[in-house]
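A.B. asks: I would like the atomic coordinates for the input below:
(2 chains)
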Amino acid sequence: MPATPNQLSTEGLDLRYGDRTIVGGLDLTLPGGAVTAIVGPNACGKSTLLRGLSRLLAPASGTVMLDGADIHRMSARALALRMGLLPQQPVTPEAVTVEALVRLGRYPHQRLLSPWSAADQKAVDEALERTGTASLRDQPVDQLSGGQRQRAWIALALAQDTELLLLDEPTTFLDLRHQLDVLDLVAALHAEAGRTVVMVLHDLGQAARYADHMVVLKDGRLAAAGAPADVLDAELVKSVFDVDCRVIPDPETGTPLVVPKAGAVRRSAATA
Amino acid sequence: MTATQRGAPTGVPFRALRHVPLFLTGLAALVLCAALSLALGARSVPLGTVADALFGNAHGREALVVTGLRLPRTVIGLAVGAALGVAGAVAQGITRNPLASPTTLGINAGAGFAVVVAIFALKLNSPAQYVWFAFAGAAGAALFAQALARRAGDIDAVRLALGGTVLQLVLLSWTSAVMLLNQRTLDEARFWLAGSLSGRTLDVLWPVLPTLLLGLVVALAVAPALNALALGDDAAQALGVPVARIRLAGGVAVVLLAGSAVAVAGPVAFVGLAAPHLVRPLLGGDHRLLVPGCLIAGPLLLLSADVLGRLVIRPSELEVGIVTAFLGAPLLALLARRVGR
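C.D. replies: The predicted structure follows:
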């Protein structure tokens, strides 16, 4: 059965820093055309997995495949035309305006000595428009607020114009309103532009709300994967996060919502 | 939507042309500086005579000073300044460190050490003989600094700057040790090590011209990738930049440029550091503008420092390396303060 395009998959993926294994023996399929959230406790290897999926980290063994082709055998540019990435903490360059930053998203589309085309400008304008940063285009990035800066970075990834978008904790350091803005933007990209999105998230409720597919990691191994409604239950949260909770339907969306038990109950459960 | 459509055709050429007046102003300042470099010195020559001498219409002693001494000096100053300025811009780009320069990467010190050893061991006594040793020393130091900075196959930007600085200090102390071994080495090397444009003929420039031009071409070629590299290695790689290869190519450009410059003029500090900082507030952080900008700002800084050095203790003169160090030290302190904030 031919899978939907833009499907990322791993086979026996081992990711290491030095001799420390962060992700071990991972077999995973991230469906194309869907929004996938990767969740798990701190230091479970979420961000490392994303680095492996985006070729920033070469696997110690195993493979990462995009529609069946090993991404480590593609050229950097060929992959950049298909996959965009927003790193967790990108460096904000000095004295660069929002528009100049977003224009860098066109880098893989350009050749040495080829002029900036109308198509390039159109992609940049659309990315600015879609992220609501068009009015900030002439402002220096290093003078923006956290939420504005994050939207400018997403605009850069959008200007790259890839079918597949990887986001590493795109909501970190943002207040609730800006978190929701970013996640709504992601949902709109998926719904309107048909992008495949893979993102690392911290908040289980947000992951359940915004993702079609959920990958739960614990200690670098797969704890569960599937639709949030099928995967997320009290037993999983207890075994992965070591938190006693109830999982109830979100009163707004019906998706699973994790409600931790009161501190006293959790403590008595721990001593029992 | 209309704004988008209007923005596309008119916005692009406008953006490219916006900086033309600034570049022209820079060029005009450089021409003025070159004219002053031809006219001023222990024996000042009126600009009219300078023009006559250049076009072969004057043949007096003054004309001889202009065409025989100051013309080569000025041409060498232009070439060396351009090389140092561009080397600084690329060095700061590949290390993402605003304090990086041929000096802080150990390249100047490597060249200095190689030349002093050559003077000591091979009894050399003219700058034309120093060229290849300087070049080899510069390349050796840069390779060593890159090796120090290598971690898990990739070059770590912070380690590169730190390793280069440590290497520079080690090489400087070794250089002093060799110089103190005998009086002749001390006398020969002292003036070259100060960094100077005087007493050089164009014969010193020709051998390094190909390496200098090659370095310049590589620098211009990697400039667009340096813009992406400024976003961090991860983001750059996600944009399709072969990060390790670009950093290597940039490193090669820096060695070619700084090595050529130091081979001709001796180690001249601070021009490579200062030129990008002079250009960045005017043209922004885009390396496609920054590199050509430094091509103008570098010689502008070097020639003005050289002219200043000829005027301050007339009829004697200060080596340009001493002038740039004198003016550059406060600049470095200022930059370090700003970067530290």
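A.B. asks: And whichever strand or helix holds B:Arg337, what's buried?
C.D. replies: Applying DSSP states H and E as the criterion places B:Arg337 in helix B:320-340. Across helix B:320-340, burial judged by 16 or more other C-beta atoms under 10 Å in any protein chain shown covers B:Val320, B:Gly321, B:Ile322, B:Val323, B:Thr324, B:Ala325, B:Gly328, B:Leu332, B:Leu335. For the C-beta atoms, the positions are set from N, CA and C on the backbone; glycine is no exception.
A.B. asks: Show me which of those residues is closest to chain A.
C.D. replies: B:Leu335 (12.0 Å; C-beta to the nearest C-beta).
A.B. asks: count of residues packed around the residue in the stretch 151-300 of chain B positioned nearest to chain A?
C.D. replies: Nearest residue of the stretch 151-300 of chain B to chain A, counting by C-beta to the nearest C-beta: B:Gly240, 2.9 Å away. Look at B:Gly240: counted by other C-beta atoms under 10 Å in any protein chain shown, it has 21 neighbours.
A.B. asks: ok, now which ones touch it?
C.D. replies: Under the criterion of C-beta atoms under 8 Å, 6 or more residues apart in numbering or on different chains, the neighbours of B:Gly240 are A:Ser75, A:Ala76, A:Arg77, A:Ala78, A:Leu79, A:Ala80, A:Leu81, A:Tyr107, A:Pro108.
A.B. asks: Likewise for A:Ala37?
C.D. replies: A:Met199, A:Val200, A:Leu201, A:Gln206, A:Ala207, A:Ala208, A:Tyr210, A:Ala211, A:His213, A:Met214, A:Val215, A:Pro228.
A.B. asks: And the residue nearest the centre of chain B, which helix or strand is it part of?
C.D. replies: Residue closest to the mean C-alpha point of chain B, counted by C-alpha atoms, centre = their mean, is B:Leu84 at 0.8 Å. If you go by DSSP H and E, B:Leu84 is part of helix B:71-95.
A.B. asks: just checking, the residue nearest to the centre of chain B touches B:Leu302?
C.D. replies: Yes - counting by C-beta atoms under 8 Å, B:Leu302 is a contact partner of B:Leu84 at 6.8 Å.
A.B. asks: Name the residues contacting each of the two.
C.D. replies: In terms of C-beta under 8 Å, 6+ apart, B:Leu84 and B:Leu302 are both contacted by the residues B:Val268, B:Val271.
A.B. asks: Contacts only, for the nearest residue to B:Ala225 once chain neighbours are set aside.
C.D. replies: Excluding its sequence neighbours, the residue lying closest to B:Ala225 (C-beta to C-beta, 6 or more residues apart in numbering or on different chains) is B:Ile246, at 4.5 Å. By C-beta under 8 Å, 6+ apart, B:Ile246 lies in contact with B:Ile94, B:Val222, B:Ala225, B:Leu226, B:Leu229, B:Ala236.
A.B. asks: Just the pLDDT for the fifth one.
C.D. replies: At B:Leu229, the model reports a pLDDT of 92.
A.B. asks: Got the confidence number for the closest residue to it other than its chain neighbours?
C.D. replies: Nearest residue to B:Leu229, sequence neighbours excluded (C-beta to C-beta, 6+ apart): B:Ala236, at 4.7 Å. As predicted, B:Ala236 sits at a pLDDT of 93.
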